[in-house]
Each structure stands twice: as C-alpha cells, then as structure tokens.
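Q: The following block contains a protein sequence and its predicted model.
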Amino acid sequence: MAFPRTDSIWMNGRQVPWDKATVHVLSHVIHYGSCLFEGIRCYKLPDGSGVFRLRDHVERLFDGCAIYRMKVPYTRSEIETAILETIRANHMEACYIRPFVYRGYESLGVDPTPCPIDAAVAVWSWGDYLGKEAVEKGVDVMVSTWRRMAPDTLPMLAKAGANYMNSQLIKVEALANGYAEGIALDTDGMISEGSGENIFLVRKGTIYTPPLTSAILEGITRRSILQLASDLSLPVVEERLPREMLYIADEVFFAGTAVEIIPVRSVDRVPVGRGVRGEMTSLLQAEFSAITSGRKPDRHHWLTRV
Ligand code: PMP
C-alpha cells in the first residue's frame with residue numbers, strides 16, 4: 001500500500017517535512033535492524049480524537065530499549081508529547097502512529113555503541129489491515145513452517161525491527177500459499193502468534209491465549225482483551241497451547257493494533273467451528289469498538305485526548 005503522506009514527521013525533537021525525513025544509507029539500523037518501534041492507533045471520537053493506551057505503548061518502547069541497553073535521549077513524557085504534537089501538526093483525526101528509536105549514522109561495526117540513538121514519530125491514515133470484509137467474515141490462515149525465536153536468541157518482549165525478519169518469513173510464506181496470514185509455533189512446537197498479531201482460541205466457552213513464555217510479543221490489544229473478558233465475566237486461560245487446539249477450537253481470532261480483533265475462519269483449510277465468526281469474537285469486537293469509537297464510556301482510561 002502506498003503511503004498516504006502527511007505534512008511532517010517528528011525527528012529528534014522537531015517537525016521535519018515528510019520528504020526530508022531521511023537517514024543515511026550507512027545508518028546502523030539499515031544494516032542490522034537496530035530499532036525498537038511501536039504501532040499505535042488514534043481513534044476518532046464524537047468530540048475529538050483519542051490515542052489508544054499511549055502510556056502503555058511508550059512504556060513497551062522504552063522496555064525494548066532497556067533490553068538492548070539503549071538509553072533513549074528523551075523521556076517517556078517527551079515521546080508522548082511528540083506523538084500528540086505530530087498528530088496535531090498533521091491535522092489527523094483517526095490515524096496510525098509509528099514512534100521508533102534507532103541506531104543512526106556513525107560507524108558500521110556490529111558494535112552499535114558508537115552510533116547515535118535517534119528517535120522519530122510518524123503518523124498516517126491506515127484502515128482495516130486485512131480488509132474490511134475480514135472483520136466480519138474472517139481470514140484463512142496456515143500454520144507456518146517457520147518458528148518463533150528461541151528465548152535465548154532474540155527477546156520477543158522487545159518490539160525490535162530485527163524480529164520482523166522472522167515475521168516476514170511467516171507472512172510471505174502464507175501469502176505465497178494463498179493464505180491471509182501465518183500462525184507461528186514456538187521452538188517447542190506450541191502455538192505462539194501471527195506474524196503481527198496475538199492469537200486467541202475459544203473452546204467450550206473458555207477463551208485461551210498463549211502466555212509470554214510462548215515467544216509472543218506482549219500485545220497491548222491482547223492485554224485489553226484480557227481486561228474486557230474479565231469485565232464481561234468470560235473465562236480466560238493463559239497457557240501453552242498445542243497446535244491441534246487450532247483444529248478443534250470453536251473460535252479463533254487475532255488481536256493487534258493493526259487488525260484490532262479479527263476472526264480466523266480456517267486453519268490449514270480446516271474450518272474453525274462453523275466457519276463463520278463466533279459469538280465470543282463478536283462480543284469482544286463489539287465491546288472493543290464501542291470503547292474505541294466513544295459509544296461506550298472509556299472506563300479503563302485507555303484513550304488520551306489529542
Ligand atoms: N505480535 C506481534 C509480532 C506484533 O507485531 C504485534 C503488533 N504490534 C502484536 C503481537 C500485537 O501487539 P499490539 O496489540 O500491541 O499491537
């Protein structure tokens with residue numbers, strides 16, 4: 001999808017015109033994936049706009065930097081302010097927000113420490129990630145032949161650019177085989193997550209999702225669903241899940257900032273349940289969108305006003 005360009009991007013403390021927001025080709029990040037980033041949604045509300053779980057996203061960004069021993073030259077609150085300013089500077093209502101911290105231009109050894117730590121925030125409009133129809137009808141997915149990273153290789157709790165080379169293998173394999181998305185297993189063969197979203201299953205009235213020890217990114221949408229399920233008194237179990245649960249589940253759905261909540265209607269050509277969106281999936285979609293559209297009160301203070 002071509003970029004719906006905006007006027008400006010925040011780079012190291014100032015708004016820079018879209019076309020001037022460039023880096024040198026010999027920047028460390030380009031060669032070694034040395035970047036931590038976030039994807040955040042800003043929603044249009046009846047009386048303005050609200051950024052979804054801003055503080056939690058910025059916290060995860062800083063946590064990732066801590067894992068990689070990168071000292072961000074801005075405070076969390078400066079990055080939060082930069083995000084809100086960039087939305088305002090570009091006159092956006094609903095948009096996708098991409099803050100990132102990366103190793104810049106200085107030298108190209110594997111050692112990143114001589115390179116500067118740069119930061120930027122871009123915003124653009126982004127609709128339904130897997131298509132509008134998918135929100136109701138669901139998507140067809142495959143179990144990937146690629147696994148997620150072993151815990152002592154790349155840390156999955158850090159949303160690092162380099163992790164997305166693994167995600168790209170999963171995604172491209174799925175597309176090449178005619179599926180919308182791939183589900184990765186962890187190195188023990190247990191269900192992990194999609195290339196860019198967490199996964200949930202429903203079986204006999206209970207919701208299941210893999211724990212942090214199944215090589216997942218701790219999704220903020222995932223966390224929100226756990227909260228909504230508790231609000232609605234729906235039973236949830238976080239435990240390691242064998243692959244075959246995918247073939248006997250009544251419902252399967254993905255959750256993430258880009259997809260929000262999206263039903264999976266088949267896995268490896270095996271229909272999930274009756275092959276249509278399930279009851280719990282609909283219920284959680286409805287509750288999530290009621291809050292993010294402002295139709296229901298923001299009872300957990302998830303939306304920061306722009
Ligand atoms: N897992 C991966 C690999 C992701 O890229 C994403 C998207 N950030 C998620 C899970 C979902 O996380 P979130 O709900 O915070 O967007």
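A: Done, it's in.
Q: For this protein, which residues are neighbours of the ligand?
A: Within the chain, the positions near the ligand by C-beta under 6 Å from any ligand atom are 39, 167, 193, 196-198, 217, 219-222, 256-257. C-beta coordinates here come from the backbone N, C-alpha and C atoms, glycine included.
Q: Let me have those residues in TSV, extended by pLDDT.
A: Below are those laid out as TSV (pLDDT from 0 to 100):
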residue	pLDDT
Gly39	98
Ser167	98
Glu193	98
Gly196	97
Glu197	98
Asn198	98
Leu217	98
Gly219	98
Ile220	98
Thr221	98
Arg222	98
Gly256	97
Thr257	97
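Q: Just the buried ones among those, please.
A: By neighbour count, with 16 or more other C-beta atoms under 10 Å, these hold 39, 167, 193, 196-198, 217, 219-222, 256-257 as buried.
Q: Now the two most distant members of these.
A: Between any two of those, the greatest separation by C-beta to C-beta is 17.0 Å, found for Ser167 and Ile220.
Q: any idea how far the residue located most distally from the centre of the chain lies from the ligand?
A: The C-alpha centroid of the chain is most remote from Ser107, which lies 30.7 Å away (C-alpha atoms, centre = their mean). Using C-beta to the nearest ligand atom, to the nearest Å, one gets 29 Å for the distance from Ser107 to the ligand.
Q: How confident was the prediction at that residue?
A: With respect to pLDDT, Ser107 has a value of 96.
Q: tell me which element it falls in.
A: Remark: Ser107 resides in no helix or strand, with elements defined by DSSP states H and E.
Q: I'd say it and Pro116 touch.
A: No - using C-beta atoms under 8 Å, Ser107 is not in contact with Pro116; the gap is 10.5 Å.
Q: follow-up on the earlier one: leaving out chain neighbours, which residue sits closest to the residue farthest from the centre of the chain?
A: Pro114 (4.8 Å; C-beta to C-beta, 6 or more residues apart in numbering).
Q: Same question for Ala150.
A: On the basis of C-beta to C-beta, 6+ apart, the spatially nearest residue to Ala150 that is not a chain neighbour turns out to be Thr187, at 4.5 Å.
Q: Let me know whether my guess that that neighbour is in a helix holds.
A: No - assignment of Thr187 by DSSP: H, G, I helix; E, B strand; the rest coil gives coil, placing it outside any helix.
Q: before we move on, the earlier item: local confidence estimate at the residue nearest to Ser107?
A: Model confidence at Pro114 (pLDDT) stands at 97.
Q: Roughly how far does it sit from Val252?
A: Relative to Val252, Pro114 is positioned 46 Å away (criterion: C-beta to C-beta, to the nearest Å).
Q: Quick check: phi and psi at the residue farthest from the centre of the chain.
A: Backbone geometry at Ser107, expressed as degrees, to the nearest 10, gives phi -160, psi 160.
Q: Who are the contact partners of it?
A: With contacts taken as C-beta atoms under 8 Å, 6 or more residues apart in numbering, Ser107 has the following neighbours: His28, Pro114, Cys115.
Q: Report the buried members of those.
A: The neighbour-count criterion (16+ other C-beta under 10 Å) marks His28, Cys115 among those as buried.
Q: Go through the contacts of Ser107 and say which is closest to Ala160.
A: The shortest separation between Ala160 and any of these is 13.1 Å, and it belongs to His28 (by C-beta to C-beta).
Q: so who does that closest one touch?
A: His28 makes contact with Ser34, Tyr102, Arg103, Gly104, Tyr105, Glu106, Ser107, Leu108, Pro112, Cys115 under the criterion C-beta under 8 Å, 6+ apart.
Q: Type out the ChimeraX command that picks the buried ones from the residues you listed.
A: Isolation of the buried members of the contacts of His28 (16+ other C-beta under 10 Å) is achieved in ChimeraX through the command below:
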select :34,102,103,104,105,112,115
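Q: residues making contact with the helix or strand of the chain with the lowest mean pLDDT?
A: In the chain, no helix or strand scores lower on mean pLDDT, DSSP states H and E than helix 132-137, which sits at a mean of 89. For helix 132-137, the surrounding residues in contact (C-beta under 8 Å, 6+ apart) are Asp128, Ala180, Glu260, Ile262, Pro263, Arg265, Val276, Arg277, Gln285.
Q: next one: it to chain centre, how far?
A: Computed by C-alpha atoms, centre = their mean, to the nearest Å, the chain-centroid distance of helix 132-137 equals 19 Å.
Q: do the same with stretch 212-230
A: Distance, stretch centre to chain centre, for stretch 212-230: 11 Å (C-alpha atoms, centre = their mean).
Q: Columns secondary structure on top of the residues of the chain next to the ligand, output as CSV?
A: CSV is the format used below for these (three-state DSSP):
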residue, secondary structure
Gly39, coil
Ser167, helix
Glu193, strand
Gly196, coil
Glu197, coil
Asn198, strand
Leu217, coil
Gly219, coil
Ile220, helix
Thr221, helix
Arg222, helix
Gly256, strand
Thr257, coil
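Q: Sweet, I'm off.
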